[in-house]
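Enquirer: Take a look and give me a structure for this.
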Amino acid sequence: MAKETEKDRLKKEFKRLFKNMDFVCDSYLNKEGVPEKEQERFADIYQQLGQVWEFLALQCKHWDGYKKTREKKEVCRICGTVKGAEESQILLPAKGLKRIGSTAKPNSKKTFPAKKESQIIKDAIRFHGALLDVDVHNAYKSNLFKEHEINIAAERNVTLKERGVEYTIGKHRIDLDVEKPKKKGSKPPYGNFAFELRKKDLRHFPVIFKFDDDLTFLGLTIFR
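Expert: Sure, this is the predicted structure:
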């Protein structure tokens, strides 16, 4: 006997689900003479079945394509999801690699009047205690400096926060910030290249640089 495929399983589940939803609708919601309290109870059941529909639809890969409805919308032939509709939930496997979305990048050469109009993706997830943030936007104008309007370049920034360390990857730079309690009246942090610091000052920075025979920078290790 051939093993049941994921597609076959979902088709069977949707058939059962739609049959049950039709039964509740025809027997209790659209039928005259049903007591009001009983209608309310089955209306709740119908809503719960709708949540099951959404859960099953997250598993559907729309294998059979789409068909047009009377309202001229394209819906999946298996799960009934409208083509291109934004998902309100995400289904993830409990074990193994998780995949959410696709790699988004700036997609316009236009400079937008504000970041809200330029935003492509602004999303975050707290995963087993670590916070991952993805911010992708096109170029936009900003009043960061109140007296002068400046242009903010299109960028894709990915930030990871874990145990007081913030690690950000952009197109042209990588930032690593270590959290430190701010003292009242303290000055803002300084910034220098390693070769600009005195040798005795370098001893305060427990950093090991990784490089090859051509002195190409390959990474670094920081001790805490």
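Enquirer: Got the domain ranges for the protein?
Expert: Residue ranges for the domains of the chain, per automatic domain parsing: 6-76, 115-180.
Enquirer: The longest helix anywhere in the chain packs against which elements?
Expert: As assigned by DSSP state H, the longest helix anywhere in the chain is helix 36-57. Counting by 3 or more C-beta pairs under 8 Å, 6 or more residues apart in numbering; DSSP states H and E, the packing neighbours recorded for helix 36-57 are helix 6-24. Every residue, glycine included, has its C-beta placed from N, CA and C.
Enquirer: Against which helices or strands is the helix it packs on packed?
Expert: Under the contact definition 3+ C-beta pairs under 8 Å, 6+ apart, helix 6-24 sits against helix 36-57.
Enquirer: Next one: the residue nearest the centre of the chain from D135, what distance?
Expert: For the chain, the residue nearest the mean C-alpha position is D123 (4.6 Å; C-alpha atoms, centre = their mean). Distance of D123 to D135, computed by C-beta to C-beta, to the nearest Å: 8 Å.
Enquirer: try F217
Expert: F217 is 25 Å from D135, by C-beta to C-beta.
Enquirer: neighbour count winner among those two?
Expert: More crowded of F217 and D135, by other C-beta atoms under 10 Å: D135, with 19 against 9.
Enquirer: So for that one, what's the pLDDT?
Expert: Confidence at D135, expressed as pLDDT, is 97.
Enquirer: And for L197?
Expert: 93.
Enquirer: these two touch, right, L176 and I222?
Expert: Yes. Using C-beta atoms under 8 Å, L176 is in contact with I222, at 7.4 Å.
Enquirer: For this structure, which segments count as helices?
Expert: 6-24, 36-57, 115-118, 199-202.
Enquirer: of all these, which lies closest to S108?
Expert: Closest approach to S108 among these (C-beta to C-beta): helix 115-118, 7.9 Å.
Enquirer: the bottom helix or strand of this structure by mean pLDDT?
Expert: Least confident element among the helices and strands of the chain, by mean pLDDT, DSSP states H and E: strand 140-145 (a mean of 83).
Enquirer: which of the residues in it are buried?
Expert: 140-141 (16 or more other C-beta atoms under 10 Å).
Enquirer: Run through who's touching it.
Expert: Strand 140-145 is contacted from outside by 111-115, 117-118, 149-152, using C-beta atoms under 8 Å, 6 or more residues apart in numbering.
Enquirer: mind redoing it with 6 Å?
Expert: Residues from elsewhere that reach strand 140-145, judged by C-beta atoms under 6 Å, 6 or more residues apart in numbering: 112-115, 118, 149-152.
Enquirer: Quick check: the gap between the residue sitting furthest away from the middle of the chain and E147.
Expert: For the chain, the residue at maximal distance from the C-alpha centroid (C-alpha atoms, centre = their mean) is G33, at 47.6 Å. Look at G33 and E147: by C-beta to C-beta, they are 73 Å apart.
Enquirer: I'm done for today, thanks for sticking with me.
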